[in-house]
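**Student:** Pasting a predicted model and its sequence here:
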Amino acid sequence: MAKEIVSTDQAPKPGGPYSTAVVANGFAFLAGQTPKRPDGSKVEGSFTEECEQVFDNLEAVANACGGSLHDAVKVSVFLRDFADFPELNRIFAERFGDHPPARTTVPADLPGFSIEVDVILAL
């Protein structure tokens, strides 16, 4: 199986020994994105601002893989506070439209962030 490692300067660099994305067998596996700007600085603000930055990062990585978030087939969301769930749903509906991907949302003890999201795309 051939695989392609994908990165972009339009999203933050990985914070550890992993790839931003890997394309293999017609799928792109996007690593979890947190609310950091492409320069690595953290978004300080509301959950909405953090969530929007996460999805902006994911869109940039999806584009670097040759796709977009509209190609998403599976999304995993990690939330620090489930009180943010309604706002997540609102933003998710805006970003994915009438044909959203499958999704799992779980509570997580995130290090200084309210949200982290990873995505699988079908290219």
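**Tutor:** It's in.
**Student:** from here on, contacts and neighbour counts on C-alpha atoms
**Tutor:** Will do.
**Student:** So the nearest residue to V23 once chain neighbours are set aside, which state does it fall into?
**Tutor:** Leaving aside its chain neighbours, V23 sits nearest to E4 (5.1 Å; criterion: C-alpha to C-alpha, 6 or more residues apart in numbering). For E4, the secondary-structure state derived from DSSP: H, G, I helix; E, B strand; the rest coil is strand.
**Student:** isn't E4 right up against F27?
**Tutor:** No: judged on C-alpha atoms under 8 Å, E4 makes no contact with F27 at a distance of 10.5 Å.
**Student:** These two: which is more packed in?
**Tutor:** Between E4 and F27, counted using other C-alpha atoms under 10 Å, the more crowded position is F27 (18 against 12).
**Student:** Spit out the contact partners of the more buried one.
**Tutor:** Listed by C-alpha atoms under 8 Å, 6 or more residues apart in numbering, the contact set of F27 reads 120-123.
**Student:** Cross those residues against strands and list the overlap.
**Tutor:** Counting by DSSP state E, the members of the contacts of F27 that fall within strands are 120-122.
**Student:** what's the closest of those to G40?
**Tutor:** Closest approach between those and G40, by C-alpha to C-alpha: I120, at 22.8 Å.
**Student:** ok, and the closest non-adjacent residue to the closest one?
**Tutor:** F29 (4.7 Å).
**Student:** What's the local residue count around that neighbour?
**Tutor:** Once other C-alpha under 10 Å is used to define contacts, F29 is seen to have 23 neighbours.
**Student:** One more: A122?
**Tutor:** Residues within reach of A122, counting by other C-alpha under 10 Å, total 18.
**Student:** Against L110, how distant is it?
**Tutor:** As for A122, its distance to L110 is 28 Å (criterion: C-alpha to C-alpha, to the nearest Å).
**Student:** quick revisit: quick one, what contacts the residue nearest to V23?
**Tutor:** Shown in contact with E4 (C-alpha under 8 Å, 6+ apart): 22-24.
**Student:** Let's see if you can find the most crowded of these.
**Tutor:** Neighbour counts for the contacts of E4 were taken using other C-alpha under 10 Å; the highest belongs to V23, which has 20 neighbours.
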